[in-house]
Structure formats: structure tokens, C-alpha cells
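Participant: Sequence below, structure please.
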Amino acid sequence: MLTSAQDVTHLKNLTSLNLSGNQLKRVPKGLNNLVNLEELDLQQNQITHMETGLPRLKKLLELKLRDNRLKTIPCSLSGLESLNVYSCIVRYLELYCTLPRVVLYAT
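Facilitator: Numbers count the residues shown, from 1 in each chain. Next up, the predicted model:
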């Protein structure tokens, strides 16, 4: 039984992780060890900033950050195919022009 997000950091072959709706205030530090992660769902938490460790996730294609309290997103995440930041308070938009698909608002 998993009791925290840190419990999954030893699962090196994990390709998809859903941590949505867990009232996380930050991205769990050990996630950068999940080198095979392709999809990370951090929606509906209380995350205020992104850690710089996520760029180590070279296979990460999709990052869902909808409904968080983000104010900035590091440009080091520019290798993503999809970034969902709907309902985030994002001010730093330089990253968006380098991503094929970014969801800023619902249509």
C-alpha cells in the first residue's frame, strides 16, 4: 500500500503517474528518479512552483498542471508534447511558444 508520493520513486519502469487531487503544495522530490515516466498528472493540487528536477525526465511527454496555483513555469520543460495549465495563474509565457500543444483555457 502506498502512503505518500515518495513511495513510488523506486518504481523505475513506471510510465504514467496520477497524483491529481492530493492537495500537494510542491512536486514530490523523488519524481525525478522515474526516468521512464511519460505522463504525469498533477492536476487539482495546490502547487505554487515547479521544481527544476523534472527536466531529468527525458521521456516525459505530457504534464497536467490544471487547477494549481502556479505563477511561473520553467523553460526547462520545453521538451513536452503537451502541457495543460488551465486555471493556473501563469505569468511567464515564454515556454508556450516552444510546445506543440498547450491548453490555457477551455474552448
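Participant: first vs last residue of stretch 23-31, how far apart are they?
Facilitator: 16 Å (Cα to Cα, to the nearest Å).
Participant: now stretch 47-62
Facilitator: Calculated as Cα to Cα, the first-to-last residue distance of stretch 47-62 is 17 Å.
Participant: for the record, mean pLDDT for it?
Facilitator: Averaging pLDDT along stretch 47-62 yields 78.
Participant: which outside residues touch it?
Facilitator: 15, 24-27, 29, 31-32, 34-40, 63, 65, 68-74, 76-77, 79-84 (Cβ atoms under 8 Å, 6 or more residues apart in numbering). The way it works is simple: take the backbone N, C-alpha and C, and place the C-beta from them, glycine included.
Participant: redo that, cut-off 6 Å
Facilitator: Outside stretch 47-62, the residues that touch it by Cβ atoms under 6 Å, 6 or more residues apart in numbering are 24, 27, 32, 36-39, 68-69, 73-74, 76, 81-82.
Participant: Break down the protein into its strands, ranges please.
Facilitator: 16-18, 39-41, 62-64, 82-84, 101-103 (DSSP state E).
Participant: Would you single out the least confident of those?
Facilitator: Among the strands of the chain, strand 101-103 carries the lowest mean pLDDT (a mean of 53).
Participant: about what we covered before: just so I know, which of the strands of the chain lies nearest Val8?
Facilitator: strand 16-18 (6.5 Å; Cβ to Cβ).
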